[in-house]
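Chemist: Any chance you could fold what I've pasted below:
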Amino acid sequence: MISIAIIDDESKARETIINILGLSQTEIEIKGEADDIKSAYALIKKTSPDLVLLDIQLTDGTGFDLLRKFDHLKFRVIFITAHEEYAIQAFKFSAIDYILKPIVAGDLLNAVEKAKLSIQKEDTELKLSVLLDNLEKIKKIVLKTAESIHIVNIKNIIRCEADVNYTTFYLNNAEKLLVSKTLKEFEEMLGSSGFFRTHQSHLVNLDYILRYDKSEGGHLVMSDDSIVPVSSRKKDILFKVFETM
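Modeler: Prediction:
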C-alpha cells in the first residue's frame with residue numbers, strides 16, 4: 001500500500017492522474033487533492049502521504065514554494081508538469097521522477113512503482129538500524145528483588161528460570177536473584193540480546209551453553225553445570241541457532 005496526494009491546479013489533470021493510478025498493480029490510497037499551496041500544505045500535514053504528485057505551476061505559486069514550507073520532506077515527490085525547464089531544479093528536491101504533460105500512463109505508473117520500492121527500502125533500512133541500535137543500547141537490566149534493586153550487565157546472566165509469576169536469574173558469579181515478573185516479560189526484553197527460550201520455564205544465554213546432550217529427551221548443559229531441558233518443539237529451532245553461532 002502506498003498513499004498519494006495529488007497537487008495540480010487543473011481539475012482535468014487531477015482526474016487523468018486518478019484514472020491512470022486506477023490501472024496500477026500497486027495498492028494505492030488517494031489521500032486527497034489540492035490546487036494551491038495553502039490547501040496542499042494543509043492536506044499533506046493532515047494526511048502524511050507517502051508520495052506527492054506535484055505540479056510545478058500552482059494558482060498561488062510553485063510546487064517548489066510548497067516544498068520549502070517543510071523543514072524535512074517525509075514524503076517522496078514526483079513532479080508532473082508541462083514545464084521542462086524546471087527539471088534540474090526539481091531534482092534538487094530529490095524528486096523520484098519528473099513527468100511531462102501530457103501524461104503517458106506508463107511513465108506515471110513506473111514512477112509510482114519506483115517510489116514504492118524506494119519507500120520499502122528505506123523502511124527495511126530503518127528497521128535494521130533500530131534493531132542494531134537496540135542491541136547496542138540494551139547492555140544492562142534492572143532487576144528488583146524483595147530486598148534490593150540490582151543493575152545487572154546482560155552478559156553476566158547465564159539463564160533465567162520461571163516459577164509461576166516469578167523469575168529466578170542465575171548469574172556468572174553464582175548469585176541468584178528472584179524477581180516478581182514472568183519469564184515471558186524477560187523473553188521479550190532479552191530475545192534480541194542472545195537469549196533463547198528452550199522450554200516453557202527456561203530462558204538461556206546462548207554464550208553460556210557448553211553442550212547439548214541427547215539423553216533423557218535432550219537437554220543443555222550450561223557453563224555453571226546446570227541442566228536445562230529443551231522442549232521437543234524447540235529442538236529444531238535451537239539446532240538452527242547453533243549453525244549460526
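Chemist: Counting neighbours, which bits of stretch 192-210 end up buried?
Modeler: Buried residues in stretch 192-210, defined by neighbour count with 16 or more other CB atoms under 10 Å: 193-199, 201-205, 208-209. (C-beta placed from N, C-alpha, C; glycine too.)
Chemist: I misspoke; the intended subject was stretch 70-87.
Modeler: For stretch 70-87, using 16+ other CB under 10 Å, the buried residues are Phe75, Arg76, Val77, Ile78, Phe79, Ile80, Thr81, Tyr86.
Chemist: what's Arg211 sitting at in phi/psi?
Modeler: phi -170, psi 170 (degrees, to the nearest 10).
Chemist: Contacts only, for it.
Modeler: Leu220, Val221 (CB atoms under 8 Å, 6 or more residues apart in numbering).
Chemist: And the pLDDT for it?
Modeler: pLDDT recorded at Arg211 is 93.
Chemist: how much space is there between it and Asp225?
Modeler: 11 Å (CB to CB, to the nearest Å).
Chemist: domains in the protein, as residue ranges please.
Modeler: 2-135, 140-244 (automatic domain parsing).
Chemist: looking at these, which has the lowest confidence?
Modeler: domain 2-135 has the lowest average pLDDT among the domains of the chain, namely a mean of 87.
Chemist: ok now that domain, how far from the chain's centre?
Modeler: 22 Å (CA atoms, centre = their mean, to the nearest Å).
Chemist: same question, stretch 190-210
Modeler: That offset, for stretch 190-210, works out to 24 Å (CA atoms, centre = their mean).
Chemist: Helices of the chain, start to end?
Modeler: Assigned by DSSP state H, the chain shows helices spanning 11-21, 37-47, 63-68, 87-91, 105-137, 183-190, 232-244.
Chemist: closest one to Ser148 among these?
Modeler: Minimum separation from Ser148 across those (CB to CB) falls at helix 183-190, 17.7 Å.
Chemist: buried set for that closest one?
Modeler: Those would be Leu183, Phe186, Glu187, Leu190, for helix 183-190 by 16+ other CB under 10 Å.
Chemist: Dump these to a markdown table, plus distance to Thr47.
Modeler: Shown next, in a markdown table, are those (distance: CB to CB, whole Å):
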| residue | distance to Thr47 |
| --- | --- |
| Leu183 | 43 |
| Phe186 | 40 |
| Glu187 | 38 |
| Leu190 | 39 |
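Chemist: and of the residues you listed, the nearest to Ala95?
Modeler: Leu190 (44.1 Å).
Chemist: Would you confirm that Gly32 contacts Lys45?
Modeler: No: using CB atoms under 8 Å, Gly32 is not in contact with Lys45, being 11.5 Å away.
Chemist: what are the C-alpha coordinates of stretch 6-20, in CSV please?
Modeler: Output in CSV follows, covering the C-alpha atoms of stretch 6-20 (Å, rounded to 0.1, in the frame of the first residue of the first chain):
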residue,chain,number,x,y,z
ILE,A,6,-2.3,14.9,-5.9
ILE,A,7,-1.4,18.5,-6.2
ASP,A,8,-2.3,20.2,-9.5
ASP,A,9,-4.2,23.4,-10.4
GLU,A,10,-6.0,21.7,-13.3
SER,A,11,-9.0,19.6,-12.3
LYS,A,12,-8.8,17.6,-15.6
ALA,A,13,-5.1,16.8,-14.9
ARG,A,14,-6.0,15.5,-11.4
GLU,A,15,-8.8,13.4,-12.9
THR,A,16,-6.4,12.0,-15.5
ILE,A,17,-3.9,11.1,-12.8
ILE,A,18,-6.5,9.3,-10.7
ASN,A,19,-7.7,7.3,-13.7
ILE,A,20,-4.1,6.2,-14.5
